[in-house]
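Chemist: model the following, please.
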Amino acid sequence: MKIELDDLSRPQIHALLNEHLQSMYELSPPESVHALDLSKLRRPEISFWSVWDGEQLLGCGALKELDKRHGEIKSMRTPQQLRRRGAGRAVLSHIVAVARERGYERLSLETGPADGGFEAAHRLYRSFGFEDCGPFADYKPDPFSVFMTLALR
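Modeler: As a prediction, this is how the structure comes out:
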């Protein structure tokens, strides 16, 4: 498994991000979908990584700098047919390590509710020590959002 900083130019990435967006819109009302499209993932404050096994894309994840001490995890996804191979855990571990290297004190994320199809994501984040928190950055309270955070120091 190889994790690499990605420029978002390959068709496999486009297909996975389209799958991600489509899934989010199937599970949540439009006003509660906070997934980023390609143009928003290309912003300078976002680093995006892909996970590969040879030529096969196993997953992706991104880190958005909210400020010099706080990062946000975005676009965590593994293809539906390739789940449970460790790619999600690998990219999350990589993102946490990069956040620590950057000197962030906190890493946060927004995801959907466990009973809304996001149970596996909750298990993964909790296994890293993430805990529930309130809305952060520009988020507002939303019954279709769960906010989690991890203190890095």
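Chemist: longest strand of this structure?
Modeler: Longest strand of the chain, by residue count under DSSP state E: strand 56-67.
Chemist: contacting residues around the closest residue to Asp142 other than its chain neighbours?
Modeler: In space, and not counting its chain neighbours, Asp142 is closest to Ser32: 5.3 Å by C-beta to C-beta, 6 or more residues apart in numbering. No exception for glycine: its C-beta is placed from N, CA and C like everyone else's. Contacts for Ser32 were tallied using C-beta atoms under 8 Å, 6 or more residues apart in numbering; they are 142-145.
Chemist: could you flag which of the residues you listed are buried?
Modeler: Buried members of those, scored by 16 or more other C-beta atoms under 10 Å, are 142, 144-145.
Chemist: from those, which is closest to Glu101?
Modeler: Nearest to Glu101 among these, counting by C-beta to C-beta, is Ser145 at 28.1 Å.
Chemist: what angle do the lowest-mean-pLDDT helix or strand in the chain and strand 56-67 make?
Modeler: Least confident helix or strand, the chain: helix 11-27 with a mean of 90, by mean pLDDT, DSSP states H and E. Calculated by axes from the mean of the first three to the mean of the last three C-alpha atoms, to 10 degrees, helix 11-27 forms an angle of 70 degrees with strand 56-67.
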